[in-house]
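S.K.: This is a predicted model, with the sequence first.
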Amino acid sequence: MIGRTARAGRGVTRRRSGAGHVLATWTTLALSCAVPSAAWAEALPDALAKAYQTNPQLNAERARQRATDENVPQALAGYRPQIVASLSAGLQSVRNLLPDNTIQTGNLKPWIIGVTVKQSLFNGFRTANGVRAAELQVQSGREALRNVGQGVLLDAVTAYTNVLANQSLVEAQRSNVAFLRETLSVTQRRLNAGDVTPTDTAQAEARLNRGLADLNAAEVALAVSQATYAQVIGNAPSQLRPAEAVDRYLPKSREDAMTMAIRQHPAVMAASFDVDVASTNIRIAEGTLLPSATIQGSASKSRNNDPALSTLAEDQASIVANVTAPIYDGGQAAAQTRQAKEITAQSRLVLDQVRNQARTAAVSAWVANEGAKITVSASESEVKAATVALQGVQREAAGGQRTTVDVLNSQADLIQAKARLIGAQRDRVIASYTLLSAIGHLDVKTLNLNTPDYLPEVHYHQVRDAWHGLRTPSGQ
């Protein structure tokens, strides 16, 4: 659990009521002292839900996916007729020289109106393959969107736990500074009484200044983590609650983690769809070598006010079938086909690479998560032992068996142990979420977040069969 900090004992001569009391003091939450109190506390699931709703990176990726959806109706347009209306009108000045050397002039006002309907009957299966490629691009884009969503949620977890850890570290450093101030005060009184030398006072003063520097560094790190939190989550951190690991959603073994990663990770699935897209593009390129057939119907009406013409009006209507077969295009279609084949080979290699990366990431995340458990346990034992050691050194110093520097060293050991515990607790939570991301399950549904899940297929079905319209669905 992230968010537990410790308070150091105050004074080198004060007696303690027992090791149990000291340990309880060191392991008590002190986050409320690190930040101003708020009317409500923000838990990690709340922060994740807010990031899922408002994060600019994720919303930009959703917009990109909606744009990708439009590739399908564009491809489907190849099945539909194309209708073009035309209208031309103007003023024409005519000056004619007749055989009898007379000149005839006039101002004409011709106009023509017509409509043409063109329907493709066969184009080498390019429309069918184009629709298939567009649909596969949509599938690939959805997986890419899911992958970005995982990254945003993991960034939110990292930002949240960093703020918690830095708040705990600031509180621990403040307790350390208070301990060192009291130690310096006691040492100065003992110097005035002749119990210690000026060296002891100088050592206590040096440790106090070091503690002040460490406190300043911790406060700087906290300010940076708070700014990062606001960037990722969308608001400044308030009173945060301790975060817990998500072991209940994780695989039971390393082998299970690897299997789930190479089968279910969105990056792997997106790369798999990319292979299918590239393979379909080969058939599209090959389709340019096949014959094509179209049928075209047109109707027009024209008028002319020249009395010298035998025809002043003309109405036409026609239906024409057209079949074309490419013979030689300079090698362009052949080059495009070879290019598509090479791109397909490249995409297959990329898929293998992504699978290897997913497998490696799963193993790394599994090992890191297991190691984080051990580190937290060891750090807790270290803090407990260092607390007992400090208590003993304080009692011995009060009895004249230990020097001031012994107390300072013991206190330094304790604050360092506590800092390691804070870092281990933070890493423990992040490691569990990282493993969940590595297997492709870091999403709203798995975490049961209190926010509606963004469903990209809703927009897809809204635009897939749209024959017209310029407005985007739902005002998006």
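M.R.: Looks like it came in fine.

S.K.: Pull out the buried positions in stretch 404-417.
M.R.: 404, 407, 408, 409, 410, 411, 412, 413, 414, 415, 417 (16 or more other CB atoms under 10 Å). C-beta coordinates here come from the backbone N, C-alpha and C atoms, glycine included.

S.K.: Let me see the contact set for residue 382.
M.R.: Applying CB atoms under 8 Å, 6 or more residues apart in numbering to residue 382 gives the contacts 417, 420, 421.

S.K.: from memory the last one sits against residue 381, does it?
M.R.: Same thing as residue 421. No: using CB atoms under 8 Å, residue 421 is not in contact with residue 381, being 9.7 Å away.

S.K.: Between the two, point out the one with more neighbours.
M.R.: Set residue 421 next to residue 381 and count neighbours by other CB atoms under 10 Å: residue 421 wins out with 27 against 12.

S.K.: now the host helix or strand of residue 209: how far from the chain's centre is it?
M.R.: Under the criterion of DSSP states H and E, residue 209 resides in helix 198-233. Chain-centre distance of helix 198-233: 32 Å, with CA atoms, centre = their mean, to the nearest Å.

S.K.: and what of stretch 143-161?
M.R.: Offset of stretch 143-161 from its chain centre (CA atoms, centre = their mean): 5 Å.

S.K.: Make 45 the first number, not 1, from now on.
M.R.: Will do, 45 is the new start, and the previous item becomes stretch 187-205.

S.K.: can you pull the buried residues of that stretch?
M.R.: 187-205.

S.K.: Please apply the same query to stretch 242-250.
M.R.: 244, 245, 247, 248.

S.K.: shouldn't the last one be in contact with residue 227?
M.R.: In other words, residue 248. Yes: using CB under 8 Å, residue 248 is in contact with residue 227, at 5.2 Å.

S.K.: what touches both of those two?
M.R.: 448, 452.

S.K.: Dump the buried residues of stretch 448-461 to a markdown table, plus secondary structure.
M.R.: As requested, those are exported to a markdown table (DSSP: H, G, I helix; E, B strand; the rest coil):
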| residue | secondary structure |
| --- | --- |
| 448 | helix |
| 451 | helix |
| 452 | helix |
| 453 | helix |
| 454 | helix |
| 455 | helix |
| 456 | helix |
| 457 | helix |
| 458 | helix |
| 459 | helix |
| 461 | helix |
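
S.K.: Quick check: the two most widely separated of those residues?
M.R.: 448 and 461 (20.4 Å; CB to CB).

S.K.: tell me the SS of the spatially most distant residue from the centre of the chain?
M.R.: The outermost residue of the chain, judged against the average C-alpha position, is residue 144 (85.5 Å), by CA atoms, centre = their mean. Three-state assignment for residue 144 (three-state DSSP): coil.

S.K.: Could you check how far it is from residue 150?
M.R.: Separation of residue 144 from residue 150 (CB to CB, to the nearest Å): 17 Å.

S.K.: just residue 206 next, same as before
M.R.: 87 Å.

S.K.: Comparing the two, which residue is more hemmed in?
M.R.: Taking neighbours as other CB under 10 Å, residue 206 and residue 150 compare with residue 206 leading, 21 against 13.
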